[in-house]
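Enquirer: need a 3D model of the following:
(chains A, B, C and D, ligands or ions: 2)
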Amino acid sequence: MSITANAGDIDRRLLMDRSVAGRKAFTLPESDVPSQDLPDSSFLRDDVVLPEVSQLEVIRYFSVLSQLNFSIDTNFYPLGSCTMKYNPKINDELSNLPGLADIHPLQPDDTVQGAIRLLKNLQDDLGEITGLPGVSLAPLAGAQGEYAGLLIARAYHEAKNDSKRTVAIVPDSAHGTNPASAAMAGLDVVTVRSDDQGNVDVDNLRELANENTAVFMLTIPSTLGLFEPNILEITKIVHDAGGLVYADGANLNALLGLVKLVDLGVDICHSNLHKTFSTPHGGGGPGSGPVMVTDELAKFLPKPVAIQTEDGYALGTPEQSVGTINGFHGSFSIAARAFAYIKALGLEGLQSVSENAIISANYIQAKLRDKYNLAADRYCMHETVLSATKQKKRGVAGLDIAKRLLDFGIHAPTMYFPLIVDEALMVEPTESESKETLDHFIAVMRQIDDEIDASPELIHEAPHDLPVTRLDEATAARKPVLRWTADE
Amino acid sequence: MSITANAGDIDRRLLMDRSVAGRKAFTLPESDVPSQDLPDSSFLRDDVVLPEVSQLEVIRYFSVLSQLNFSIDTNFYPLGSCTMKYNPKINDELSNLPGLADIHPLQPDDTVQGAIRLLKNLQDDLGEITGLPGVSLAPLAGAQGEYAGLLIARAYHEAKNDSKRTVAIVPDSAHGTNPASAAMAGLDVVTVRSDDQGNVDVDNLRELANENTAVFMLTIPSTLGLFEPNILEITKIVHDAGGLVYADGANLNALLGLVKLVDLGVDICHSNLHKTFSTPHGGGGPGSGPVMVTDELAKFLPKPVAIQTEDGYALGTPEQSVGTINGFHGSFSIAARAFAYIKALGLEGLQSVSENAIISANYIQAKLRDKYNLAADRYCMHETVLSATKQKKRGVAGLDIAKRLLDFGIHAPTMYFPLIVDEALMVEPTESESKETLDHFIAVMRQIDDEIDASPELIHEAPHDLPVTRLDEATAARKPVLRWTADE
Amino acid sequence: MASSTTSGNPSVNHPYIPSTDSEREEMLGVIGVDSLDGLLGDIPAEHRHPALNLDSGLSEQELATVIGSMAAENASASSGYLSFLGAGSYSHYIPSTVRSILQRGEFVTAYTPYQPEAAQGTLQVGFEFQTVICQLTGMEVANAGMYDGPTAFAEACLMAARVTKRTKVGVLSTADGRLPDTLVAYSKHQGIDIVEVEPDATDIPDDLACIGIQSPNFFGEIEDVERLTKLAHDNGALSVVHVNPTALGMFKAPGEFDVDIVTAEGQPLGVPMAFGGPYVGLFACKKAHIRQMPGRIIGRTTDTQGRTGYALTLQTREQHIRRERATSNICTSTQLIGLMVTVYAATLGKQGIKDLANLCYQKAHYAASEINKLDGYTVDAMATGGTFFHEFVVSCPKSPSAINADLLDRKIIGGLDISDRSENGMLVCVTETSSKADIDKFVKALSEIGASS
Amino acid sequence: MASSTTSGNPSVNHPYIPSTDSEREEMLGVIGVDSLDGLLGDIPAEHRHPALNLDSGLSEQELATVIGSMAAENASASSGYLSFLGAGSYSHYIPSTVRSILQRGEFVTAYTPYQPEAAQGTLQVGFEFQTVICQLTGMEVANAGMYDGPTAFAEACLMAARVTKRTKVGVLSTADGRLPDTLVAYSKHQGIDIVEVEPDATDIPDDLACIGIQSPNFFGEIEDVERLTKLAHDNGALSVVHVNPTALGMFKAPGEFDVDIVTAEGQPLGVPMAFGGPYVGLFACKKAHIRQMPGRIIGRTTDTQGRTGYALTLQTREQHIRRERATSNICTSTQLIGLMVTVYAATLGKQGIKDLANLCYQKAHYAASEINKLDGYTVDAMATGGTFFHEFVVSCPKSPSAINADLLDRKIIGGLDISDRSENGMLVCVTETSSKADIDKFVKALSEIGASS
Ligand SMILES: Cc1ncc(COP(=O)(O)O)c(C=O)c1O
Ligand SMILES: Cc1ncc(COP(=O)(O)O)c(C=O)c1O
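Expert: Ligands and ions are numbered 1, 2, ... in the order given. Down below sits the predicted model:
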């Protein structure tokens, strides 16, 4: 049997397959207390079958695996809606300071004044940026922020004994978490259409908004990367119908210092700290999804909320709080990173973030619109949604183009979202990538378009040089193998 | 112009070539003191032309570059004489504690008691391991340890007014630093032959050792990975001639707890903390090369030496010290790592290090000796020197085999050292690699031998899948390009 | 002209933003507008560029000073405090391997692995994570992680409701209040009723979707999971068990008792306490129920060349496909914390997890028996003969809050005041990070404070 | 039997050593011996397995406690001390990028790049390092780093002797004593004589190999490098200049003065003070002399496919090829510290290095002028009109050691006592890490201590 000679062809065996009885990577200290009686053996289990490997094997295994990933630290990652921007290293470092990382969530307030002060400052800054001064940092991600926001909307209507408001109006372009959160909140989801410009169809909204409307959920800028030109009219329609306006703030990266959500008529919003405020995505979390509301709604916020008292800082529970949406106080060390980010940029820096994000997206759009259709042919905000319909006609799908980009060390754009755009490729360059990188991306996208005619197999079989080629996802779902087992 | 689509084909441009006027990766704080007059402009320079890149570019550039390296964290690295073993992460972490990393070398002793205590403890442990109780941690690497040791030898003879001792006897198998250090110490280097077993030719030594002999430099175990069977006779010959015995301790990894150098007749030795004591090699340093001597010679040690006094710990200068061989107190944070390594292993662990290192090397030797010639056909210590002479006859040099190993993700053994072995491939597996890794290496080495006949071009053109193929080193030396320049 | 590109603001050149004035100028030219404002036409003019009350940006050195001083205001082990708090967040030694791997930017700065070809690292780690959780819990399948323990428990109860098509959920009265509280917040608009079940109950309503059991419970005591699970099954309900994963190094796994869904707070497995988060919720269940599981799931498959690879699977359960009919709204989850747990489990390994559980057991029992000897203090579990792990309730001679105030003066953060659930009760937790000397110091302080009452 | 494989010692199963008893057994079987001792036959039996007085091994948690407590015994900024020490090691803020990249195991755990195909990362960084050093110093070529500043200076003087074939080396009397001391240790058996040259010397012996100049000198003052270099050249000697690299952000580069060899301590460029090491010596010279340069050098070349690559070059100067005729005995050097310097320079960049030098200048001059106002204290350079950077000599009203003892009580580590070189002289250093408040506190303390004399 010949061994494959290829430095790129790495050993993919799992830890359990590397396990050798008796090896170890760690030693516990000996007990320094007098030996205690163990419980009755009926309580006790046999060994937990975990890996038995050396410490070097642990380090080498995970180090090699890490190299199989694309990441911001190593690749351009223009994943629309996800805001893959630079995650400053200083933020990781500071959030790991023992005084922040080694404190227990139930310590008395007077032993964690610095931590609560940090939370309070962050609440204030987020309140200022959105214009919505009631802030809770409890939600653990955007979707939980949405859910918290919807709980608040329901509590608001309930407090007014307005019990028939059980409908959430959601645009057809909305992110999946919007309807999913609405369903969790016991709301019926009614879809409002987008018009051919990608805007909310105002007439349709007018038809749908009524005495049953609890809340209208709008992503600002929209999931097409567009700013609703009729935003004031839209929010007025909802308010006139007695509903609240919820803004999905996943795209807040476009708006910092350019407009306050409150001025647009927004009552409630969330922000993904792991997007706009640059905390690392971690391969899928942890995140943080603070919820921000008007003064009027602040009493419904989930707990805890950091407050300033006469003696200092404390964690409090709003009067009519919707309650506890998770274990403790939210993603504290993510909040610390976001706080550091805001402090490092300051007012002018945050404005510059949005300005540059918008310019970069429009630059890409301007340079590609002759080759690729646009979801909407107008200036975009911080991302542009291309549509590979012309390419599809020539035999190559959006997915193929996305996969081909990987060959060039560029991560794929978001594919097939929003659902209303055929062959969507949603490109978000962010402000933290250089013009040179944008130009490289543009050149590659143009070249791929050329390849469709010149060498389509290059695209259909892409990616070529990664640790795996395209995977059989159908079989994976049909016959799920979800864990290592001994008997393989 | 088409862009190469290959995720492995990375952008190798230098930082200066990525530089854009006005970009920056860092901001200094504003001055908080009243503005001070600058010196006369005749003192002042124009801008220093350094890179102008963003912070993300800094991180991405170096992160991507790092992935072009083989390393212990990612590869088996059986580089003989270099002891590429696991470098525990806890050691890096502890040596970076602010109380160790942020202290100034000239702080008063009473403000750095912990640091000096650490140095004293490490001195004691090294003294105990070698049996040579006089220890200075000042030398910054093995070669500087050698030089310090030779200065001590010279000081010893001078103190006895024995001024004609100006010869260092060095085996033909010695590492290049041995003769180079001897030359720096103003010694004439006389070479003693090895016999056909790879041992010091005792008769030849007897001829050479005389009233001019200052020192005999012997690597123990030898650079062939062998233990001199006549060691006691050898050291006696040198002592009888009035010379001192210097042991190059680069291979101390084989001897921990198995034998003390002092018992073999050694007067002076160094140890490479970056080998035996597992501090990371860093791509070529920093290291640390403490020098250990007999009680009699301790008064000549370079300064400083950590001592215990009535009030605590202090840095002292031995009475007849050979002086200051570098700026401050040696590689302190490397010493801290080595100290942590010794404490983590303890007596039994250190013994186990050497035992396992020896077993692993002999296992590889036993499994390859039918295919590859051995420099000496006997049990080895912690490394085995193969000789690719049989392979050379079939058209493939040691260098080719070394390069072919890279294709399998295995670092090349040390090539063409020691100089007395034709087509030497010096393999040091170390105790920290698993049997499975050794078996893989053995299988690959056997397969390469098969490939010589089956597909020699695979070997001649190796490596195939790395960031570069073989480099034109001749042109590099003939027309040296040693830096970026603006006008390229 | 440069200033117009940033709409009147001085254009800012920041380390996080590479574009320079001239590049911005050039890009605006290509786009075909004079200034940024040309791109903002859709934003109502009267609301554009609002006044904002925010500080100016700090240099990195200043930032480190500002946040460093906030950190320095908190009491922690590094500032010399001992702590005996547990109750859902635990102080454990985190091995260097965990921190070292957590520094790999390729893991930290990647997105959710929607492009599997470019995310095999994250995906294989996730598969390892699922394996570790199955091995620990003795369950058949696990997902790749939830937000935290309480949300995992809440989602498990909701899943039980979906599986059984019932709307009443039982929760044991001995559970940490955070579990039913989170469940309430998660279910209140879904027509789910929550009822309390006593641990010694011998019958339950016949329309329960599940019994939710915490074991070790809030008071550190092991519940009779086997009996309660049988009781649930006899009534057509599922058994949902919320465990402390460290205890699984020693105590029987829920899988041995035919439990249906197991959840846990993953924090004890190598995750800093970090004032409460981010953590990771562990979630495992019987294979029969996987299509009702919430959260992300990673599966093994092959590529077009037959090589093994990993990918997200069963995505049709998730919000981005099924939207309002998804099994959960979760999207961004806790992959990186899952990595920490995985490296932790790989580092401790078979022997380590056992030794750790034993060490925690020894220390907590030593502390309990020493406290139990003190005048005026009783360890409840010792009085009742309950089996406990990690933490235990001490009935104190006076109010725990008064005792804790005195302890704090001695740089000791005492146990949690649970007098709302148990008279003068203090929930004390001891792990391997407390030395005998630390415990003795605590016991001595309790003794002195008790005597001075 | 297992125990015999480890020669009577209980076989140790340690996290750093993967082999298990049965694997050892199996390997010994393949080798063909019964036990390890079968492999040790060449070691004199009477000296085998000596008794050793060493502790038993510690777990990682215990190790962290032991070393943590050693660290806690030292006074540093993190334990609330201010420090005004310089004299060759400087407190500067180190950017997060430096620490982040320094955590990349691929850099940290690689060997010297003898196999260029498997070390392009290390090699390209080294080439960047050489570039940075050339840009900073204004010199044509640089090597990839020496042990530290003083050894770089010593090797430079030895190189000057080789180039000029002369054996007398002049060193300016204003240099840090560590420079001539190290030179003495490096040259004492090579027949090199060292003579002191005054900074205002107008002629020098005509057989000098070089004048070694430190500028800014030990006292923080700028020397007239241009004049001294010309003096050297007029006498057939080389000019060797030892600089403070931070000062090069502001002051003219030696390259502008036709200097032959430039050396420096690289520590100020992003390297922790770490009680004195490891640091990196910077070494640059004129291109004409490269074949006499000590140390490792990295060159650019192409591979068989014409792609750019980097490799060690001019290796025939080095010990592993030329042995006793090598230009230096250096082997393991300081590549990783070179990486830190490179990331530091890339992070600060063109503007940052300028701003940094200015900030240090401003702070030191502010401190100097405030101290100069105090009764009894004089700043020498202000009295003589010398131009200084970073550090300056204060003539104190009483012995600096007495003053420093008082300062220490106030958690201030004062300047270096240099009363051996200057009456009641204290060498005070101020960098960007001292705030105005820190400086004011120091000045106030000096004032009070001075008054109490
Ligand atoms: C528009 C939009 N809304 C909501 C979310 C959900 O946020 P999270 O993933 O933080 O739960 C996302 C995340 O991708 C999003 O893009
Ligand atoms: C046998 C031997 N002696 C001496 C040395 C020199 O040690 P260092 O590189 O630490 O200067 C080495 C290093 O490779 C070596 O292998």
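Enquirer: report pLDDT for the residue nearest to A:Gly80 when sequence neighbours are not counted.
Expert: With sequence-adjacent residues excluded and distances taken as Cβ to Cβ, 6 or more residues apart in numbering or on different chains, A:Gly80 is closest to A:Met426, at 2.7 Å. No exception for glycine: its C-beta is placed from N, CA and C like everyone else's. A:Met426 is assigned a predicted lDDT (pLDDT) of 97.
Enquirer: output the contacting helices and strands for the helix or strand containing A:Met426.
Expert: Here A:Met426 sits within strand A:424-427, counting by DSSP states H and E. Under the contact definition 3 or more Cβ pairs under 8 Å, 6 or more residues apart in numbering or on different chains; DSSP states H and E, strand A:424-427 sits against strand A:384-387, helix A:398-407, strand A:414-415.
Enquirer: thinking again about what came up before, pull the number of nearby residues for the residue nearest to A:Gly80.
Expert: A:Met426 has 26 neighbouring residues, counting by other Cβ atoms under 10 Å in any protein chain shown.
Enquirer: likewise the one 10 residues further on?
Expert: When counting by other Cβ under 10 Å, one arrives at 15 neighbours for A:Glu436.
Enquirer: likewise C:Gly68?
Expert: Residues lying near C:Gly68 (other Cβ under 10 Å) number 15.
Enquirer: neighbouring strands - and their directions - for the lengthiest strand in chain A?
Expert: The residue-count maximum for a strand in chain A (DSSP state E) belongs to strand A:213-219. Paired strands of strand A:213-219, with direction, are strand A:167-171 (parallel), strand A:244-248 (parallel) (DSSP bridges).
Enquirer: so for ligand 2, which of the ones you listed sits nearest?
Expert: Counting by Cβ to the nearest ligand atom, ligand 2 lies closest to strand A:244-248 out of the strands paired with strand A:213-219; the figure is 59.0 Å.
Enquirer: wait, does whichever helix or strand comes after the closest one contact chain C?
Expert: On the C-terminal side of strand A:244-248, the nearest following helix or strand under DSSP H and E is strand A:268-270. No - judged by Cβ under 8 Å from any Cβ of the partner chain, strand A:268-270 and chain C are separated, with a smallest distance of 11.6 Å.
Enquirer: residue contacts, A:Thr279?
Expert: Contacts for A:Thr279 (Cβ atoms under 8 Å, 6 or more residues apart in numbering or on different chains) come out as A:87, A:91, A:273, A:287-288, A:334, A:337-338, A:341.
Enquirer: checking my notes, it in a helix, right?
Expert: No - per DSSP: H, G, I helix; E, B strand; the rest coil, A:Thr279 lies outside any helix segment and is coil.
Enquirer: how about it, phi and psi?
Expert: The phi and psi values for A:Thr279, taken as degrees, to the nearest 10, are phi -80, psi 150.
Enquirer: could you do C:Leu54 as well?
Expert: Backbone dihedrals for C:Leu54, given as degrees, to the nearest 10, come out at phi -130, psi 150.
Enquirer: run a quick neighbour tally on it.
Expert: Neighbours of C:Leu54 using other Cβ under 10 Å come to 20.
Enquirer: the closest residue to A:Arg45 other than its chain neighbours and chain B: what is the separation?
Expert: Once its chain neighbours are removed from consideration, A:Arg45 has its nearest residue in C:Lys252; the separation is 4.6 Å (Cβ to Cβ, 6+ apart). Taking Cβ to the nearest Cβ, to the nearest Å as the criterion, C:Lys252 is separated from chain B by 33 Å.
Enquirer: residues near C:Trp350, how many?
Expert: No Trp there; residue C:350 is Lys. Other residues within reach of C:Lys350 by the criterion other Cβ under 10 Å amount to 21.
Enquirer: surely it touches A:Val53?
Expert: No - counting by Cβ atoms under 8 Å, C:Lys350 does not reach A:Val53; the two are 10.0 Å apart.
Enquirer: can you pull out the helices in the stretch 51-200 of chain C?
Expert: Along the stretch 51-200 of chain C, the stretches classed as helices by DSSP state H, counting those that start in this stretch are C:60-72, C:96-102, C:105-108, C:120-137, C:149-164, C:178-187.
Enquirer: quick one on the thing from earlier: got CSV for the helices and strands packed on strand A:424-427, with distance to chain B, mean pLDDT and mean neighbour count too?
Expert: CSV is the format used below for the helices and strands packed on strand A:424-427 (distance: least, Cβ to the nearest Cβ, whole Å; pLDDT from 0 to 100; neighbours: other Cβ atoms under 10 Å in any protein chain shown):
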stretch, distance to chain B, mean pLDDT, mean neighbour count
strand A:384-387, 19, 97, 27
helix A:398-407, 4, 96, 24
strand A:414-415, 19, 94, 22
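Enquirer: next, format the ones you listed as CSV and append distance to chain C.
Expert: Below are the helices and strands packed on strand A:424-427 laid out as CSV (distance: least, Cβ to the nearest Cβ, whole Å):
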stretch, distance to chain C
strand A:384-387, 11
helix A:398-407, 5
strand A:414-415, 8
